[in-house]
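> Next come a sequence and a model predicted from it.
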Amino acid sequence: MLMVDFAYTDEQLALQKKARVFTHEYILPYASYYDKTGEFPLPIIRKAWDAGLMNLAIPKEYGGPELGLVEACIVVEEFASGCAGMTTSIFANQLGPEPIMIAGSPEQKEKYLRPLTEAPKLVSFACSEPGMGSDVAGIKTAVEKDGDEYVINGSKFWITNAPYADYFTVFASLDPSKRHKALCAFIVDADAPGVKIGRPVEKMGHRASSTASIMFRDARVPAENLLGSEGEGFKIAMKTFALTRPAIAAFATGLARSAMEYAREYTMKRDAFGSKLREFQAIQFKLAEMLMKVETSRLLYLRAAWAADTTPDATIPASIAKAFATDAAMWCASEALQIHGGYGYIDQYPLEKIFRDAKLYQIYEGTSEIQRLILGRYVLDGYQPARETPPRWAGQKAPDF
Ligand SMILES: Cc1cc2nc3c(=O)[nH]c(=O)nc-3n(C[C@H](O)[C@H](O)[C@H](O)COP(=O)(O)OP(=O)(O)OC[C@H]3O[C@@H](n4cnc5c(N)ncnc54)[C@H](O)[C@@H]3O)c2cc1C
């Protein structure tokens, strides 16, 4: 029996439809407004929460719907087809609490996951710093134990939703010289003493998401807010990325799909050299390439999300999906803009926004280079070759049978 099924279940189809209708009613009509103003889309986030389209992974015992990553990715593709920035704001709530889902005690889950299901609260994942992003083991934010508290000193940078979050999952080091061995993960309340949030930074794209720094100056955190045990922070961060990178691939797929659809519509309207653009084979080839990239990206994110839902370690399929789909989205955005000619470059059409938004996918949650670093090391040290020994190649003889 072939154990592969490419069809969505009825429940998944219904969820996709719900997310698509939500996107058309509440995301697309306001995407340009939030992009231009850079305002934080709180009304849209509240609507997504009301519709039950946020916090999808929270287990039933803490009041959540306990959906798999496959389902979250299906929703994310729809949202991102409407506005990448709003999707980043909404789905930061998948990233932020993930360390708690991975390593939290039942008490921590009860205290910090349940409230997300009772009100539209936001959570941030605070790992990156002004001096590091890719090199997670190089975290400099310092933590030391003081009685039944931990004291944190240092700064985090580029933290999505930080100005609006109720709490953060924060990574800090007991001894930066020990790199990954000394990392710890904590839950830190936004109003804890010694915590200060910076002003949101101006960004090229994803302008409907809020990105800011967090400063810790002798910030005191109860010892019970340590996630897992001391030294487990690096492992928790890596596990988190393996669970969230498939969703970034799904974001990218939604954006690429949208770019393709805008390009398709434009080729039917625009005349050049006495024909519609759609008549030119060079244009058709670009559309064909976009479709190939969108479909491949979707297969890859579904495969990675399936691996995250059903196997102990999805790191490799997650990196493949993230690297491929985000590069594909950047290419589709660029070519869809090109098909629009000068109109692609101005704000009467959505392509210039889509182009700006696409770039971030290659940067956050591990850059395209970091995904290739993971995959390259895997090919060399983890991959099991199908062929055990190299074949004799030079000087092969004719078969004697
Ligand atoms: C809008 C936005 C939102 C973000 N949200 C969050 C968030 O919510 N939480 C959070 O913790 N972080 C967040 N980030 C941070 C983001 O994850 C980092 O920017 C990203 O991981 C890259 O780190 P960096 O910027 O320090 O680049 P660096 O690590 O300094 O890398 C610079 C360049 O060098 C390349 N490079 C680095 N090391 C290698 C290597 N070994 N081999 C080859 N190339 C390499 C990188 O790929 C990159 O091209 C966000 C960033 C942005 C822009």
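Here it is on my side, so go on. This structure is a prediction, so every number in the text was calculated from the model and none was measured.
> CA only for contacts and neighbour counts going forward, please
Will do.
> what about the strands in the stretch 51-200 of the chain?
For the stretch 51-200 of the chain, the strands defined by DSSP state E, counting those that start in this stretch occupy 123-126, 142-146, 149-160, 167-173, 183-189, 195-197.
> Name the stretch among the ones you listed that sits most buried.
strand 123-126 (a mean of 28; mean count of other CA atoms under 10 Å).
> which stretches of the chain have low pLDDT?
By pLDDT under 70, the low-scoring segments of the chain are 1-2.
> so what are the domain limits for it?
Here the domain parsing of the chain from automatic domain parsing is 10-118, 123-230, 234-381.
> Take those domains and lay them out in a markdown table including distance to the ligand.
Listed next are the domains of the chain as a markdown table, based on distance: least, CA to the nearest ligand atom, whole Å:
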| stretch | distance to the ligand |
| --- | --- |
| domain 10-118 | 7 |
| domain 123-230 | 3 |
| domain 234-381 | 4 |
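> Out of these, flag the one nearest residue 395.
Nearest to residue 395, of all the domains of the chain, is domain 234-381, at 27.8 Å by CA to CA.
> Now do the closest one: distance to the chain's middle.
12 Å (CA atoms, centre = their mean, to the nearest Å).
> go on, stretch 160-176?
With CA atoms, centre = their mean, you get 17 Å for stretch 160-176.
> which residues touch residue 362?
323, 326, 327, 368 (CA atoms under 8 Å, 6 or more residues apart in numbering).
> Can you read off the backbone torsions of it?
Reported as degrees, to the nearest 10, the phi and psi values for residue 362 are phi -80, psi -10.
> do the same with residue 45
Dihedral angles for residue 45 - degrees, to the nearest 10 - are phi -60, psi -40.
> Count the neighbours of the closest residue to it other than its chain neighbours for me.
Nearest residue to residue 45 in three dimensions, chain neighbours excluded: residue 90, at 6.1 Å (CA to CA, 6 or more residues apart in numbering). Neighbourhood size, residue 90 [other CA atoms under 10 Å]: 27.
> Residue 200 and residue 163 touch, don't they?
Yes - contact criterion CA atoms under 8 Å: residue 200 and residue 163 qualify, at 7.4 Å.
> Pick out whichever of the two has more residues nearby.
Using other CA under 10 Å as the criterion, residue 200 and residue 163 rank with residue 163 on top: 21 against 18.
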